[in-house]
Structure formats: C-alpha cells, structure tokens
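K.L.:
How does the following fold in three dimensions:
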Amino acid sequence: MTKAPEATADPANENEVQAEVSKHPVASIPTTDLSLADIERSRSRPMRWVAYVVLVLAAIIGPYWLGRMLATNHTEWLVSHLSMLEPRGVALVAWAVTVMAFTGLALVIVETRNRIGHIVFIAGLAAEQFIGGLCLLRLDFWYSTYVIYGDSAPLANAANLGIIAAGIAVAVYAVVFVGLLVLIRKDSPLNVLTRSWASYLLFFALEVVALFVVLFGGLLTVV
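P.N.:
Numbers count the residues shown, from 1 in each chain. Below is the predicted model of the structure:
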C-alpha cells in the first residue's frame, strides 16, 4: 500500500500571505493610559483663552475710552481736523470696520484656530469701539453729539448710523439664517441656502442693503 505524498507548503504562497498580512497599517495613535477627556483637557489651554478674553475686553474698553476722552476734552481739535470729511464717507468707514469685526467673529466661530479670524476680529472691534467713543455712540446719540460737536454733529451722527446699520443687518441675518435652518428640509433643493458660502453671501448682501439705506435713504439728513 503506497503512502500518499505529503502536501508541502509552497514558499511562494507563504510569501504572498506574509505580504498580505504586512499590508495592515501600523497604529498611528500611541498606546496611552489617558482618556479622551484627558487628551482634550490637555489641548484646551485655559490660560490662552483667559488671555484672549482679556485682550477682547481691552479692545472694547480701551479704544472706546480713548475716543470718548478725545471727544470731550479735545473737541475743537477734532472739529478742525475732521470738518473736511463728508458724512457719507464717515458712515462708510464706520460701517466697514463694524462689518470687519463681525466677519472676524464669524471666522472665529467657524474655525477656532483661525489666526487671521482672530486678528480681523480684534482689529475691527478696536476700530469700531474707537469710532463709537469718538462719536458718543448710544441709541439716542443725536442729543449728545449736538451738545459736544454743535454744527459738526452730522459727521458723528453719520458714523453712529453706519455702526448701527451694520449691527441691525447682523441681527436680521441671524433671524433669517435660523429661519432657513428650521424651515428648509435636508433633502430639499433649497438646502443649498444653508451652506457656509451661501450664508456668507447672505450676510454681505444684507450688510450692503443696510449701507445703501444709510447712504441713500435720507437718514443722514434726518439726524
């Protein structure tokens, strides 16, 4: 009775199997005893956020105080150097720095680590606060601006209108965008209006409309 030949392993097949096994990726996350919460806590860097909050407060308080001080203590100097400006140009500048601050804030909200967004937000906020302090920004600003600036009050009033218009446009944008998120279904073709690029276009469109209302709506001659 003949013995059946024993099956011998083919070295080529063994190499192929080893090659297939070796294709598995190496773990990219090192082994650690820390939990996910511990890792996120180590990346949070609370002192950096505290410093950032202090910087934001400084950008709000410092420029506004400086502008208010110049308005009350150096009124004649301001009037003599700013009297050549046009109210529409002043409103445009005030509107632009306010939109700049809101745009930077939007970039920070979308991407927290966006350094350009932080810089734009702080710079725009400081400029807006300085103009607001210089022009005595408040809801009934026309009384205080007339008391301080007299016949030159229309320049300050125009700046305040530019800032307020930009703020109102942001409020309208927030209401419209939240309404779109609530009313439009995810499978609707209109869902494209909730995309990030569409929301930015909506924001700037509303801001431009608000600017045109101030420049050409007769508000500059009313206050």
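
K.L.:
the strands in this structure, which residues?
P.N.:
Ranges of strands in the chain, per DSSP state E: none exist.

K.L.:
what ranges do the helices span in it?
P.N.:
11-21, 36-44, 46-73, 75-82, 87-110, 115-134, 141-149, 153-183, 196-216, 219-222 (DSSP state H).

K.L.:
Using TSV, lay out the ones you listed together with distance to Leu190, mean pLDDT and mean neighbour count.
P.N.:
All C-beta spots, glycine's among them, are computed from the backbone N, C-alpha and C. Putting the helices of the chain into TSV (distance: least, C-beta to C-beta, whole Å; pLDDT from 0 to 100; neighbours: other C-beta atoms under 10 Å) gives the following:
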stretch	distance to Leu190	mean pLDDT	mean neighbour count
helix 11-21	49	49	9
helix 36-44	36	57	10
helix 46-73	36	92	13
helix 75-82	47	91	13
helix 87-110	22	94	20
helix 115-134	28	95	20
helix 141-149	40	91	18
helix 153-183	8	94	19
helix 196-216	10	93	16
helix 219-222	34	86	14
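
K.L.:
any chance of those in CSV, with distance to Pro189 too?
P.N.:
Shown next, in CSV, are those (distance: least, C-beta to C-beta, whole Å):
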stretch, distance to Pro189
helix 11-21, 46
helix 36-44, 38
helix 46-73, 40
helix 75-82, 51
helix 87-110, 24
helix 115-134, 31
helix 141-149, 45
helix 153-183, 13
helix 196-216, 12
helix 219-222, 38
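
K.L.:
quick one: Ala153 from Leu137, how far?
P.N.:
Distance, Ala153 to Leu137, using C-beta to C-beta, to the nearest Å: 13 Å.

K.L.:
what touches both of the two?
P.N.:
Contact criterion C-beta atoms under 8 Å, 6 or more residues apart in numbering; residues shared by Ala153 and Leu137: none found.

K.L.:
And the pLDDT for Pro30?
P.N.:
With respect to pLDDT, Pro30 has a value of 57.

K.L.:
So what touches stretch 178-189?
P.N.:
With C-beta under 8 Å, 6+ apart as the criterion, stretch 178-189 contacts Leu190, Asn191, Leu193, Thr194.

K.L.:
So which of these is the closest to Leu215?
P.N.:
Looking at these and their distance to Leu215, the nearest is Leu193, at 27.5 Å (C-beta to C-beta).

K.L.:
Tally up the residues packed near the closest one, please.
P.N.:
By other C-beta atoms under 10 Å, the residues close to Leu193 number 16.

K.L.:
For it, which non-adjacent residue is spatially closest?
P.N.:
Once flanking residues are discounted, Leu193 sits nearest to Leu180: 5.4 Å by C-beta to C-beta, 6 or more residues apart in numbering.
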